[in-house]
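> Predicted structure and sequence below. I'll ask about it afterward.
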Amino acid sequence: MNSVHRPKAILSLLVGLLGASALSACGASSKSSTTPRLSDASVIARDPNLDDRERCQTPKRRVETLDLNGDGQPNIYHVFEGEQRVCSEFDLNFDGKVDIVRFYDTDQVRPIREEYDYDFDGLVDEVLIYEDGLLVRKEMDTNFDHKIDTWLLCHNGRVLIAERDRRLMGRPDVFERYEDGLLIEARYDDDLDGVIDRVETFQNGRLIEIAVDH
């Protein structure tokens, strides 16, 4: 493991190294011409388990490190396969734990996936998926139990679909659709049987109708 020391660096430098995508809003891929089938109850939810995911550092990959605050401990890890940078890990608060993991596209710059630890406990709280460098999907653990409970699909710069696991049962039971950034429909599987029981319709962001399946 090669180490490069950069003493007296500040947190703003870390943010600069992360780039704009760390603060990116929803964006869509210019190559993506398909939209999900909105007739399906669930179109974007996946396995909520955050343990089964690709690791950045592996025994076969070469690692270069940066020590930004001069305390002798690496704060940034750049990981390579041969000469190709495949991912980076960032310790934002200098506590020795990785807070952000970024996997790169073939250009070694644009992200294809990012993982964020917001409460600095060493566990992933949010996963961002990119296409052509633009954010197209978010998966979030909103209650910090190390399981995804909210899935967002983005299209043309805005949220298109949101699916939420209100009961924390490992699958969504609320299904929301958006147009131009505004909620237009929310469907609920209240008894968790896989069938929609209640539909709320919105206009200009306001609830105008509730339909219940008796």
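Received, thanks. Owing to the predicted nature of the structure, the values given are computational and were not obtained by experimental measurement.

> Residue 60 and residue 81 touch, don't they?
Yes. Between residue 60 and residue 81 a contact is recorded at 7.5 Å, counting by C-beta atoms under 8 Å. Bear in mind the C-beta positions are built from the backbone N, C-alpha and C, glycine included.

> So between those two, which is more surrounded?
residue 81 (12 against 6; other C-beta atoms under 10 Å).

> for the more buried one, what are its contacts?
With contacts defined as C-beta atoms under 8 Å, 6 or more residues apart in numbering, residue 81 is in contact with 60-62.

> at 7 Å what do you get?
Residue 81 makes contacts with residue 61, as judged by C-beta atoms under 7 Å, 6 or more residues apart in numbering.

> what pairs with it across the strands?
In this entry, residue 81 is beta-bridged to residue 84, by DSSP bridges.

> Could you do residue 114 as well?
Note on residue 114: beta-bridge partners by DSSP bridges are residue 102, residue 128.

> For it, give its distance to residue 99.
Using C-beta to C-beta, to the nearest Å, one gets 11 Å for the distance from residue 114 to residue 99.

> Run through the residues that contact the residue nearest to residue 150 when sequence neighbours are not counted.
Of all residues not flanking residue 150 in the chain, residue 140 sits nearest, at 4.3 Å (C-beta to C-beta, 6 or more residues apart in numbering). By C-beta under 7 Å, 6+ apart, residue 140 lies in contact with 126, 148, 150.

> Let's see which of the residues you listed end up in strands.
126, 150 (DSSP state E).

> can you put the contacts of residue 140 in TSV and add distance to residue 68, pLDDT and neighbour count?
Below are those laid out as TSV (distance: C-beta to C-beta, whole Å; pLDDT from 0 to 100; neighbours: other C-beta atoms under 10 Å):
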residue	distance to residue 68	pLDDT	neighbour count
126	23	95	18
148	31	93	24
150	32	96	20
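
> Which positions within stretch 179-186 qualify as buried?
183, 186 (16 or more other C-beta atoms under 10 Å).

> what does stretch 61-81 give?
61, 63-69, 74-79.

> again with stretch 51-61
Buried residues in stretch 51-61 (16+ other C-beta under 10 Å): 56, 61.

> Kindly export it (C-alpha atoms) in PDB.
C-alpha atoms of stretch 51-61 as PDB (Å, rounded to 0.1, in the frame of the first residue of the first chain):
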ATOM      1  CA  ASP A  51     -24.400  -6.500   3.500                       C
ATOM      2  CA  ASP A  52     -24.300  -8.200   0.100                       C
ATOM      3  CA  ARG A  53     -22.600  -5.600  -2.000                       C
ATOM      4  CA  GLU A  54     -19.400  -5.100  -3.900                       C
ATOM      5  CA  ARG A  55     -16.400  -4.200  -1.800                       C
ATOM      6  CA  CYS A  56     -14.000  -1.500  -3.000                       C
ATOM      7  CA  GLN A  57     -10.800  -2.800  -1.500                       C
ATOM      8  CA  THR A  58      -9.900  -6.400  -2.300                       C
ATOM      9  CA  PRO A  59      -6.600  -8.400  -1.900                       C
ATOM     10  CA  LYS A  60      -6.000  -8.200  -5.700                       C
ATOM     11  CA  ARG A  61      -6.400  -4.500  -6.000                       C
END
